[in-house]
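S.K.: What shape does this take:
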Amino acid sequence: MNKRIISLILAFLMLSTFLFTGCDALMGGEETNIGDDMIDEASNSAMTLSMFVVCEKEVSEETARLVENAFNNITKANFKTQVKLHFATYDNYYQMIEERIKSNEEYALLEKEAASALKAARKAAKAEGVVTDDAWFDAFYEEHPDYAQFRETEELTGEDTTAEQTELVTIAGIDNSYTLSQVKYPDEKPAQIDILWIDSYERYLEYIEREMIERLDPELSGASKKLNEYINNELLLWAKWSTSGTYGIPNNVIIGEYTYLLVNKELAKKYSYNPEELDTLAKCSDFLADVAAYEPGVAPILGDIYTTGTYYWNIDTATGKINSNKFNLLASTMTNRTHDPSIDTNVTLACNNVFKNVEFTDQLKCIQAYKDAGYVVAESQNPANYAIRMIKGGADLAAVYGEDYSLNVLEYPRAGYDEVFNNMLAVSTYTRSLARSMQIITYLNTNSDLRNILQYGVEGVHYKIDDDSGKLVRLNQDYMMKLETTGNVFMAYPEEDMPLDAWDWGKKQNLDVKPYLSMGFDFANRVVVPEGEDPASYWTLNIDNITKVNDLSADVEKQITAVKNLAELEELITKWAALEDTNSFLKVEKSPAEPKEGSTDVPGFFYYYSQWVQDTGLYVPKEE
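M.R.: As a prediction, this is how the structure comes out:
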């Protein structure tokens, strides 16, 4: 009798572990509590979702099932949701997505046709006094077998009305077997598609235009509001503001890079300078003079030095795209102010002749003066030591240089298209449940155990954590994912080749991220008149003017490169600052004004940007 009781207890514990164990018991990772908002949907009937995951190399069926089972141990226990994982390499990923979408589109058309035919048949039957009972429905679907799949299902009601089912599972005891009931999850539907990956801004726009992905703002302010705490504000803001709505959740990544001015601490203190106060090239002037005079063999400046903080309006006349890193006469000063419309609605870029920007010209003069003085030493000369140096990189460079150099920031990281749009998780408009899909996306971004399974597979099978170093070690190449594609990088173990403190540096860096005030904006729709627009009333770029600006800019850049000394540069700067007097197209293109009523002129390019920041709410003009 005692044996039977012990067997029953063991059986119950085995099953309850399967049904109720949270992620921590399974993976030993960081626990993220599930808030009440997240579990509102968890009390509903059992649900099956499909998720499409891009992988670096093909995943075998056996490996896929191992990972899927481990993934579902968590999602079933927490959300009563089973997730069918579908893996494809990048070359095949969007072919698989498009095939699913096409099947769903065809399915939707057939569903509409079935509903219309059923409605007409019922109307006709009513007119003839025929009772539409079960027998009548049987006859209707026998006559129209293609419509039978829509009978009494969620496809007709818009909701999943399938009743939750249970199944009997036999568990062997010590001397007897016991049969217990557990939840039976519904089968995945043919061509079902719920959660998918977005790889670029262009695809994001395309899928929104084709109505392939759901708008997620209601979820972000409701059950999935926790994402606002785990994903960088810049990423979420630009995912929304660039398209007037959030249709994908950016995977939280380390954003951008700094431009640092390294200042040698020992040398600076030797000559009574505070290295942290030498935070611009110009402020280093006296320090560099001392080093040049009294430190033979030490390079005052190592490597290239260049201007920072300038946004160039270099427009490709064929595509309308902006290359803000390529020199142009028309430019803006980068802002470090917030762009969050809920905090500050008076932020925008200005546009002017770059040689009227004192900050830019002062930098240019300073650089030339240092070259004239012979302070700049090429890295190839490999000097024993140096006083200052400009480098680009992440916050982790402090661990490399911080002991000997003060890392003074010249430019802060900025969120670009890659960080916002190249790795997003979205929900298909054909989803079985938007709420359940967002539960999975939210948990992937906030829970380490689920995140590590999708990224690295099953611990002990595909990877292990080294007892001595604490670092992840892959046991094989059976399951290979790119860290940025599978969710919030900060919730996963750092990769094998990354230091354990990578996420500490990354989080620090993301706190410094500054706005990129033209993301989502270009002139693509102003190069030619879009289809459906009236050419007589639709303004496009003045391509002749843009070409003149670009050509003149290229000529000026060549002259800058050829400058021999500071006196020559100062003379040229004075000349270039007055270019608008002889080149009226510069005045026209930088103007935010609309042409006067009755004019046949088109606006300059900056007019379209000025309208865009107002349309998106990034900038609200102050009332006079």
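S.K.: okay, stretch 425-440 in PDB with CA atoms only?
M.R.: Only the C-alpha atoms of stretch 425-440 are listed here, as PDB (Å, rounded to 0.1, in the frame of the first residue of the first chain):
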ATOM      1  CA  LEU A 425       9.600  40.700 -34.000                       C
ATOM      2  CA  ALA A 426       6.100  41.200 -35.500                       C
ATOM      3  CA  VAL A 427       2.700  39.600 -35.400                       C
ATOM      4  CA  SER A 428       1.000  38.500 -38.600                       C
ATOM      5  CA  THR A 429      -2.400  39.900 -39.400                       C
ATOM      6  CA  TYR A 430      -3.400  36.200 -39.900                       C
ATOM      7  CA  THR A 431      -2.400  35.400 -36.300                       C
ATOM      8  CA  ARG A 432      -4.500  33.000 -34.300                       C
ATOM      9  CA  SER A 433      -4.300  35.400 -31.400                       C
ATOM     10  CA  LEU A 434      -2.600  38.800 -31.200                       C
ATOM     11  CA  ALA A 435      -2.700  38.800 -27.400                       C
ATOM     12  CA  ARG A 436      -1.100  35.400 -27.100                       C
ATOM     13  CA  SER A 437       1.600  36.200 -29.700                       C
ATOM     14  CA  MET A 438       2.500  39.400 -27.800                       C
ATOM     15  CA  GLN A 439       2.800  37.400 -24.600                       C
ATOM     16  CA  ILE A 440       5.500  35.300 -26.200                       C
END
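S.K.: Find the centremost residue of this protein, please.
M.R.: The centre of the chain sits closest to residue 420, judged by Cα atoms, centre = their mean, with a distance of 2.6 Å.
S.K.: does that one really touch residue 232, like I thought?
M.R.: No - look at residue 420 against residue 232 with Cβ atoms under 8 Å: they stay out of range, at 9.5 Å. Where you see a C-beta, it was placed from the backbone N, CA and C, and this is true even at glycine.
S.K.: Quickly list what's touching both of those two.
M.R.: residue 250 (Cβ atoms under 8 Å, 6 or more residues apart in numbering).
S.K.: part of a strand, is residue 390?
M.R.: Yes - the assignment for residue 390, made by DSSP: H, G, I helix; E, B strand; the rest coil, places it in a strand.
S.K.: surely it meets residue 280?
M.R.: No - using Cβ under 8 Å, residue 390 is not in contact with residue 280, being 11.1 Å away.
S.K.: Between those two, which contacts overlap?
M.R.: Contacts common to residue 390 and residue 280, judged by Cβ under 8 Å, 6+ apart, are 261, 410.
S.K.: if we can go back for a sec, the residue nearest to the centre of the chain: what's it in contact with?
M.R.: 201, 234, 235, 238, 239, 242, 250, 519.
S.K.: try 7 Å
M.R.: 235, 238, 239, 250, 519 (Cβ atoms under 7 Å, 6 or more residues apart in numbering).
S.K.: ok, now residue 493?
M.R.: So residue 493 contacts 452, 456, 472 (Cβ under 7 Å, 6+ apart).
S.K.: pretty sure the last one contacts residue 463?
M.R.: Pointing back at residue 472 there. Yes - using Cβ atoms under 7 Å, residue 472 is in contact with residue 463, at 5.7 Å.
S.K.: what do the two both touch?
M.R.: Contacts common to residue 472 and residue 463, judged by Cβ under 7 Å, 6+ apart, are residue 456.
S.K.: quick one, phi/psi of residue 299?
M.R.: phi -80, psi 120 (degrees, to the nearest 10).
S.K.: shift numbering so it begins at 28
M.R.: With the count now opening at 28, the last piece we talked about shows up as residue 326.
S.K.: who touches it in this structure?
M.R.: Contacts of residue 326 by Cβ under 7 Å, 6+ apart are 404, 410, 413.
S.K.: residues near residue 105, how many?
M.R.: 21 (other Cβ atoms under 10 Å).
S.K.: same thing with residue 216?
M.R.: 17.
S.K.: quick one: secondary structure of it?
M.R.: Under three-state DSSP, residue 216 comes out as coil.
S.K.: again with residue 290
M.R.: Per three-state DSSP, residue 290 ends up strand.
S.K.: cool, residue 472 as well?
M.R.: Per three-state DSSP, residue 472 ends up helix.
S.K.: Make sure it is actually in contact with residue 257.
M.R.: Yes - Residue 472 is within contact range of residue 257, at 5.2 Å (criterion: Cβ under 7 Å).
S.K.: between the two, which one's more packed in?
M.R.: residue 472 (25 against 15).
S.K.: What are the neighbouring residues in contact with that one?
M.R.: By Cβ under 7 Å, 6+ apart, the neighbours of residue 472 are 254, 257, 258, 276, 279, 514, 515, 518.
S.K.: which one of the residues you listed has the most neighbours?
M.R.: residue 276 (29 neighbours).
S.K.: Show me what that one is bridged to.
M.R.: Note on residue 276: beta-bridge partners by DSSP bridges are residue 452.
S.K.: pLDDT weak spots in this structure?
M.R.: 28-70, 179-208, 363-374, 649-651 (pLDDT under 70).
S.K.: now with 50?
M.R.: Counting by pLDDT under 50, the chain contains low-confidence ranges at 28-58, 63, 67-69, 180-186, 188.
S.K.: can you list the domains in it?
M.R.: 28-148+177-281+444-549, 285-443, 559-642 (automatic domain parsing).
S.K.: To residue 165, which of these lies closest?
M.R.: domain 28-148+177-281+444-549 (9.5 Å; Cβ to Cβ).
S.K.: Buried residues, stretch 379-395. List them.
M.R.: 379, 380, 381, 382, 384, 387, 388, 390, 391, 393, 394, 395 (16 or more other Cβ atoms under 10 Å).
S.K.: I figured the second one hits residue 605, correct?
M.R.: No - in this structure residue 380 lies outside contact range of residue 605 using Cβ under 7 Å: 8.7 Å.
S.K.: Helices of the stretch 528-651 of the chain, residue ranges please.
M.R.: Using DSSP state H, counting those that start in this stretch, the helices of the stretch 528-651 of the chain run over residues 529-538, 570-589, 593-604, 606-609, 611-617, 632-642.
S.K.: got these as JSON lines, with distance to residue 510 columns?
M.R.: Shown next, in JSON lines, are these (distance: least, Cβ to Cβ, whole Å):
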{"stretch": "helix 529-538", "distance to residue 510": "10"}
{"stretch": "helix 570-589", "distance to residue 510": "38"}
{"stretch": "helix 593-604", "distance to residue 510": "46"}
{"stretch": "helix 606-609", "distance to residue 510": "48"}
{"stretch": "helix 611-617", "distance to residue 510": "42"}
{"stretch": "helix 632-642", "distance to residue 510": "34"}
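S.K.: Please tabulate these in a markdown table, including the columns mean neighbour count and distance to residue 111.
M.R.: Below are those laid out as a markdown table (neighbours: other Cβ atoms under 10 Å; distance: least, Cβ to Cβ, whole Å):
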| stretch | mean neighbour count | distance to residue 111 |
| --- | --- | --- |
| helix 529-538 | 17 | 30 |
| helix 570-589 | 15 | 50 |
| helix 593-604 | 15 | 62 |
| helix 606-609 | 12 | 62 |
| helix 611-617 | 18 | 53 |
| helix 632-642 | 19 | 41 |
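S.K.: how about those, which one is nearest residue 235?
M.R.: Nearest of these (Cβ to Cβ): helix 632-642, 16.5 Å.
S.K.: For the closest one, C-alpha coordinates in PDB please.
M.R.: Extracted C-alpha coordinates of helix 632-642, given in PDB (Å, rounded to 0.1, in the frame of the first residue of the first chain):
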ATOM      1  CA  PHE A 632      14.400  70.000 -50.200                       C
ATOM      2  CA  PHE A 633      14.400  71.300 -46.600                       C
ATOM      3  CA  TYR A 634      10.700  72.200 -46.900                       C
ATOM      4  CA  TYR A 635       9.800  68.500 -47.000                       C
ATOM      5  CA  TYR A 636      11.800  67.800 -43.900                       C
ATOM      6  CA  SER A 637      10.300  70.700 -42.100                       C
ATOM      7  CA  GLN A 638       6.800  69.400 -42.900                       C
ATOM      8  CA  TRP A 639       7.700  65.900 -41.900                       C
ATOM      9  CA  VAL A 640       8.900  66.800 -38.400                       C
ATOM     10  CA  GLN A 641       5.600  68.600 -37.900                       C
ATOM     11  CA  ASP A 642       3.400  65.800 -39.400                       C
END
